[in-house]
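> A structural model of the following input is requested.
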Amino acid sequence: MAEKGIRTQDWAAFRAEAQRMLEAALDQMQQAAERPWQPVPEDIDARYAVTAEARGPQQTVDRIIADVLPYHGGNTHPRFWGWVQGSGLASDLISSVAAAAVNANMGGRDHGANYMERAVVDWTRRKMDLPEGASGLLVTGTSQATVIAFQAARLRVLKDLRKQGQGEARLTAYAGEGVHNATLKAVELLGIGSDNLRKVPLTDGRMDCVALARMVAEDKAAGALPFLVVGTAGSVDLGLFDDLNALADAAAALGLWLHVDGAFGAWTRIAAEPYRSLSDGIGRADSIALDFHKWMYVGYDCGMALLRNEAEHRAAFAARPSYLEGAERGLAGGEPWFCDYGIDLSRGNRALKVWTALETYGEAAFSEAITGNCALAAFMAAEVEAQPYMALGAPVVSNVCVFTARSDLEPEAQSMLNAHIAQTLQESGEAVFSTTRAGGRVMLRAAITNHRSREADVQAAIAAVAREAAG
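Residues are numbered from 1 along each chain as shown. Below is the predicted model of the structure:
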């Protein structure tokens, strides 16, 4: 179907192609177990090259089916446990269709999508035990949420920051060893500087609050202005959790803003015990960063910044030039506008996919899936320990299992073998592990944030590791 300009003229033909695309997308999701990651072809650049020629919907859909759907990142597959990536939901198709049709700009004004985002923020606030009136904003992910939270934290101690900048003040922030890279990027981006992010030692996998107090005192004596401590709810490498109640007590005593990196681990708040208690105390934070596209499984991208004090949140970002003035009536109403709470003026409708997922499956289904992922990590640990030469790199706390395929080898040989096994199984399509370092060795790592995974997948994957380890 040829089109003149960018205005669709033959809606019947376009509807047929859109339905064909929908069927292909449904097949992709339904057959996820049969479609693992695969290496992209050598001519992929040529296939994706943008030309001046208009091909029309039919040829475009043909190309998407042939050249786009097969070469995905693999995280929809039930044996994908690499890094910490969510698996996507069938409900995302429904919400994406609706979002495309409406094309909402979530920066502000008076339309339904903004009320939906407020409902999603309020639901999340309640799940995280924050008080009524706390503020929130859907963002690209925890990295952006961290920047938003840190900016509000800076404004608490530097009242004229937005006009005068940080000046000569040397702000210092504190986080446990192994904190997520989002924190490092945020302090660099905001001009605080990575040298002023102080790494606090861990005791039994948790930030040492005695050491924190000592470091804060030392920095104050040196003329610095300590302002922020970052707690971790689910560390990237091992799935560890700080004692958030103890950290909240310490932050209050030391006059620090408490931020919690809960990118995936915050969602233990809706899991069953014993996993729910891992995040006890999270509701005492001044701010929380979390992702829906990880352990709530919705499609990329979708994160949230939650801040306890709405006034502090708004003060950090609100700016209304004359062309954005609100009104009591009409489309320019609908206060507050989300553009006053973050970096973006133009914002897509992330709330719709969260709302659609919760409406479709119900909160209990997500609780069961998150709890089940933790149980699968424990099951994987048992499978590892049942193998004669495999060994865990650390006890499983939540949903992360780290292990070596051959504990009988020297550390360097173990590292080489584990890295080789990870790459081999990725390329064969059998399973996706990532790697990390623990105990001075490169180890295999499974971060289970996949609602499609089952015990049979774990058994098959560990058997494949054992086969490759035997060589």
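> For the rest of this, base every contact and every neighbour count on C-alpha atoms.
OK.
> okay, now Gly429: neighbour count?
19 (other Cα atoms under 10 Å).
> Was I right to think it contacts Pro36?
Yes: the criterion here is Cα atoms under 8 Å, and Gly429 meets it with Pro36 at 5.3 Å.
> low-scoring pLDDT stretches of the protein, where are they?
Along the chain, the model assigns pLDDT under 70 to residues 1-4.
> And the residue positioned nearest the centre of it, how close does it get to Leu138?
For the chain, the residue sitting closest to the mean C-alpha position, by Cα atoms, centre = their mean, is Asp291 at 3.8 Å. Going from Asp291 to Leu138 by Cα to Cα, to the nearest Å gives 9 Å.
> re the thing from before, quick one, what contacts the residue nearest to the centre of the chain?
Gly141, Thr142, Gly262, Ala263, Phe264, Cys302, Gly303, Met304 (Cα atoms under 8 Å, 6 or more residues apart in numbering).
> Strands along the stretch 1-150 of the chain, start to end?
Ranges of strands in the stretch 1-150 of the chain, per DSSP state E, counting those that start in this stretch, are 135-139.
> Quick one: classify Arg198 as helix, strand or coil.
Recorded secondary structure, Arg198: strand (DSSP: H, G, I helix; E, B strand; the rest coil).
> Quick check: it touching Ala175?
Yes: with contact defined as Cα under 8 Å, Arg198 and Ala175 form a contacting pair (6.4 Å).
> ok so, going back, report the set of residues contacting both of Asp291 and Leu138.
Common neighbours of Asp291 and Leu138 (Cα under 8 Å, 6+ apart) are Cys302, Gly303, Met304.
> on that earlier part again, neighbour count added to the contacts of Asp291, as a markdown table?
Shown next, in a markdown table, are the contacts of Asp291 (neighbours: other Cα atoms under 10 Å):
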| residue | neighbour count |
| --- | --- |
| Gly141 | 22 |
| Thr142 | 26 |
| Gly262 | 22 |
| Ala263 | 30 |
| Phe264 | 27 |
| Cys302 | 23 |
| Gly303 | 24 |
| Met304 | 27 |
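> Which ones among the residues you listed map onto helices?
Judged by DSSP state H, the subset of the contacts of Asp291 located in helices is Thr142.
> re the thing from before, of Arg198 and Ala175, who's got more company?
Neighbour count, other Cα under 10 Å: between Arg198 and Ala175, Ala175 has more, with 24 against 19.
> Provide the contact partners of the strand or helix carrying that one at residue level.
Assigned by DSSP states H and E, Ala175 falls within strand 171-176. Outside of strand 171-176, the residues within contact range by Cα under 8 Å, 6+ apart are 192, 196-202, 206-207, 212, 219, 224-232.
> For the stretch 201-350 of the chain, which segments count as helices?
Here the stretch 201-350 of the chain has its helices, by DSSP state H, counting those that start in this stretch, at 209-221, 244-254, 310-315.
> The second one packs against which elements?
If I follow you right, that is helix 244-254. helix 209-221, strand 225-232, strand 257-261 (3 or more Cα pairs under 8 Å, 6 or more residues apart in numbering; DSSP states H and E).
> Make JSON lines out of these and add mean neighbour count and distance to Tyr341.
Output for these, formatted as JSON lines (neighbours: other Cα atoms under 10 Å; distance: least, Cα to Cα, whole Å):
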{"stretch": "helix 209-221", "mean neighbour count": "15", "distance to Tyr341": "30"}
{"stretch": "strand 225-232", "mean neighbour count": "25", "distance to Tyr341": "20"}
{"stretch": "strand 257-261", "mean neighbour count": "28", "distance to Tyr341": "17"}
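> Adding distance to Asp408, write the ones you listed out as CSV.
As requested, those are exported to CSV (distance: least, Cα to Cα, whole Å):
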stretch, distance to Asp408
helix 209-221, 36
strand 225-232, 33
strand 257-261, 36
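> Pick the one among the shared contacts of Asp291 and Leu138 closest to Glu410.
Of all the shared contacts of Asp291 and Leu138, Gly303 has the smallest distance to Glu410: 41.2 Å, by Cα to Cα.
> ok, back up a step: any idea which of the shared contacts of Asp291 and Leu138 is closest to Tyr323?
Met304 (27.4 Å).
> and the closest residue to the closest one other than its chain neighbours, what does it touch?
In space, and not counting its chain neighbours, Met304 is closest to Leu138: 4.4 Å by Cα to Cα, 6 or more residues apart in numbering. Going by Cα under 8 Å, 6+ apart, Leu138 touches Glu117, Val121, Cys302, Gly303, Met304, Ala305, Arg350, Ala351.
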